[in-house]
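Trainee: just coords:
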């Protein structure tokens with residue numbers, strides 16, 4: 001009793017008058033303070049996890065390479081073909097492997113060591129980008145080698161993206177997965193911001209070959225960043241059976257689970273109608289705004305700044321409830337921002353609209369990944385990442401389509417048509433699929 005009385009006496013000075021039990025009052029207050037701190041800075045709390053720090057650095061350098069590759073590939077193809085349609089084709093071929101390799105890559109990520117897969121995919125992409133840079137420097141490049149090697153890079157990127165989603169979920173757990181994916185997206189956007197500016201500068205000063213070598217360096221460092229990472233100790237389901245059986249089994253799961261199918265479909269439509277606007281940036285920079293490769297780099301950087309703003313928003317979201325209505329609302333707003341981009345009259349206004357559009361796009365992206373991850377059991381996390389990769393693998397259709405529209409009717413008309421279509425799809429989903437509103 002004496003010790004208990006001493007503990008109470010020592011704490012009662014910190015409690016309101018009338019408190020009769022220090023333990024009963026003090027502990028809940030301390031817990032509430034901890035909850036506030038965790039909710040206010042969830043990304044900083046997650047950054048303390050060794051695995052997520054390694055993954056964040058990996059994704060940062062991967063995005064220097066990935067976004068840099070997008071900038072230099074679009075500019076290089078535009079220079080040698082003088083065709084907005086061919087830029088769309090090139091960027092479409094770059095993303096085509098995501099459509100076909102997404103689910104198999106997800107199965108491999110579920111059955112294998114995700115840390116090792118992130119290392120292997122980084123080295124593979126670095127080799128392909130370095131080879132393309134060497135060919136361009138030697139005057140042996142062209143459309144054929146560029147398309148072939150970026151297609152190969154896309155295959156490795158499908159493996160990277162499925163493995164990193166599953167690994168982030170492993171480390172953070174289901175309750176914090178939206179914040180873990182927001183952290184991954186944050187480092188991705190920061191890397192993309194730096195990569196786009198550096199690539200635009202290198203193209204203007206030293207040519208496309210130097211920019212391709214920067215891309216290779218980014219991919220290589222991303223692989224090195226995962227060397228200190230440890231494989232997840234979370235249990236996984238047994239991996240009996242063949243990869244083929246697992247692929248077809250997950251396809252049956254998608255067919256049965258209507259919510260998962262709807263989420264994949266909306267993600268694919270957002271990719272086709274929304275994110276395809278990036279294929280028009282080289283033509284917008286050179287032919288409409290006349291700001292050259294450095295202007296293209298700044299425009300791509302504006303996309304990354306917008307992405308950072310969107311991620312800052314998602315990082316403040318609470319528990320895994322109410323994401324469905326938010327996802328649909330942001331999808332509609334994303335379409336409206338593309339219509340505004342089509343009417344933007346000057347370079348500064350284009351930059352502002354790009355920031356807004358890509359903030360909305362980033363929120364759409366993180367929420368889609370989160371909802372898909374939460375829709376499946378833990379043993380299918382890699383395959384859920386593969387489902388998302390398949391959805392964004394529909395991007396080539398959008399890039400072919402928007403390139404063709406721009407060639408026929410102009411950049412502004414292409415953006416307006418896609419934006420209005422995306423708004424219509426989002427509104428239709430909100431009205432016709434009530435289960436999405438309850439997620």
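Mentor: Cool, got the structure. Predicted model, so just to flag it, every value in this text is computed and none were measured.
Trainee: where exactly do the strands run in the stretch 251-400 of the chain?
Mentor: For the stretch 251-400 of the chain, applying DSSP state E, counting those that start in this stretch gives no strands.
Trainee: so where's it shaky on pLDDT?
Mentor: 251, 253-257, 317-321, 375-386 (pLDDT under 70).
Trainee: helix or strand next in line after the helix of greatest length in the chain, which one?
Mentor: Longest among the helix segments of the chain by residue count, using DSSP state H, is helix 50-81. Moving toward the C-terminus from helix 50-81, the next helix or strand (DSSP states H and E) is helix 84-111.
Trainee: so which elements touch that following helix?
Mentor: In terms of contacts (3 or more C-beta pairs under 8 Å, 6 or more residues apart in numbering; DSSP states H and E), helix 84-111 is packed against helix 50-81, helix 143-172, helix 243-256, helix 281-283, helix 381-392, helix 395-409. Quick note: C-beta positions are derived from backbone N, CA and C, even for glycine.
Trainee: and the ones you listed, which one's lowest on average pLDDT?
Mentor: Ranked by mean pLDDT, the helices and strands packed on helix 84-111 bottom out at helix 243-256, with a mean of 65.
Trainee: list phi and psi for residue 138.
Mentor: With angles defined as degrees, to the nearest 10, residue 138 sits at phi -90, psi 0.
Trainee: equivalent analysis for residue 228, please.
Mentor: phi -80, psi -10.
Trainee: identify each buried residue in the longest helix of the chain, please.
Mentor: 51-78 (16 or more other C-beta atoms under 10 Å).
Trainee: if we can go back for a sec, looking at the helices and strands packed on helix 84-111, which is nearest to residue 338?
Mentor: helix 395-409 (10.0 Å; C-beta to C-beta).
Trainee: pLDDT on the following helix or strand past the closest one, on average?
Mentor: Following helix 395-409 in sequence order, the next helix or strand is helix 411-432 (DSSP H and E). Per-residue pLDDT over helix 411-432 has a mean of 90.
Trainee: and helix 411-432 with helix 84-111, angle?
Mentor: Relative orientation of helix 411-432 and helix 84-111, computed by axes from the mean of the first three to the mean of the last three C-alpha atoms, to 10 degrees: 40 degrees.
Trainee: check what contacts helix 411-432 and list those residues.
Mentor: The contact list for helix 411-432, computed with C-beta atoms under 8 Å, 6 or more residues apart in numbering, reads 84, 262, 266, 269-270, 273-274, 276-277, 280, 283-284, 287-288, 325, 328-329, 331-332, 334-343, 398, 401-402, 405-406, 436-437.
Trainee: filter these to the buried ones?
Mentor: 84, 262, 266, 269-270, 273-274, 276-277, 280, 283-284, 288, 328, 331-332, 334-342, 398, 401-402, 405-406, 436.
Trainee: and the residue nearest to residue 123 when sequence neighbours are not counted, what helix or strand is that in?
Mentor: Once flanking residues are discounted, residue 123 sits nearest to residue 223: 4.8 Å by C-beta to C-beta, 6 or more residues apart in numbering. Secondary structure from DSSP H and E places residue 223 in helix 208-225.
Trainee: distance from the chain centre to that helix, please.
Mentor: 19 Å (C-alpha atoms, centre = their mean, to the nearest Å).
Trainee: how far does stretch 285-296 stretch from start to finish?
Mentor: Here the two ends of stretch 285-296 are set 5 Å apart, with distance taken as C-alpha to C-alpha, to the nearest Å.
Trainee: what are the buried residues along that stretch?
Mentor: Buried-residue list, stretch 285-296, by 16+ other C-beta under 10 Å: 285, 286, 288, 289, 291, 293, 295, 296.
Trainee: residues making contact with that stretch?
Mentor: Under C-beta under 8 Å, 6+ apart, the answer for stretch 285-296 is 71, 74-75, 78, 84, 200-201, 203-204, 281-282, 298-299, 346-347, 350, 411.
Trainee: just the buried members of these?
Mentor: Counted by 16+ other C-beta under 10 Å, the contacts of stretch 285-296 give 71, 74-75, 78, 84, 200-201, 203-204, 281-282, 298-299, 347, 350, 411 as buried.
Trainee: state the pair within these that is farthest apart.
Mentor: 201 and 411 (24.3 Å).
Trainee: pull the contacting residues for the residue nearest to the spatial centre of the chain.
Mentor: Among the residues of the chain, the one closest to the centroid is residue 185, at 5.6 Å (C-alpha atoms, centre = their mean). If you count contacts by C-beta under 8 Å, 6+ apart, residue 185 has them with 307, 311, 314, 362, 365, 366.
Trainee: identify the farthest-apart pair in these.
Mentor: The span of those, defined through C-beta to C-beta, is set by 307 and 314 at 10.5 Å.
Trainee: find residues that contact each of these two.
Mentor: Once C-beta under 8 Å, 6+ apart is applied, the residues that residue 307 and residue 314 both contact turn out to be 185, 362.
Trainee: could you tell me the angle between the helix or strand containing the residue nearest to the centre of the chain and helix 50-81?
Mentor: If you go by DSSP H and E, residue 185 is part of helix 177-206. Angle of helix 177-206 versus helix 50-81, following the same axes, to 10 degrees, is 40 degrees.
Trainee: what comes up buried for helix 177-206?
Mentor: 177-204.
Trainee: repeat for stretch 125-140
Mentor: Counting neighbours by 16+ other C-beta under 10 Å, stretch 125-140 gives 125, 126, 127, 128, 129, 130, 132, 133, 135, 136, 137 as buried.
Trainee: quick one: pLDDT of the second one?
Mentor: So that's residue 126. 95.
Trainee: sorry, back to before: now do the contacts for the residue nearest to residue 123.
Mentor: 58, 118, 119, 120, 121, 122, 123, 126.
Trainee: count the neighbours of the fifth one for me.
Mentor: Spelled out, that is residue 121. 27 (other C-beta atoms under 10 Å).
Trainee: nearest residue to it other than its sequence neighbours?
Mentor: residue 160 (4.0 Å).
Trainee: so how many other residues sit close to that neighbour?
Mentor: Quick note: residue 160 (other C-beta under 10 Å) scores 27 neighbours.
Trainee: ok, it to residue 95 distance?
Mentor: 13 Å (C-beta to C-beta, to the nearest Å).
Trainee: do residue 69 as well
Mentor: Counting by C-beta to C-beta, the gap from residue 69 to residue 95 is 11 Å.
Trainee: same question, residue 403
Mentor: For residue 403, the distance to residue 95 - C-beta to C-beta - is 13 Å.
Trainee: same deal with residue 200?
Mentor: Using C-beta to C-beta, residue 200 is found at 21 Å from residue 95.
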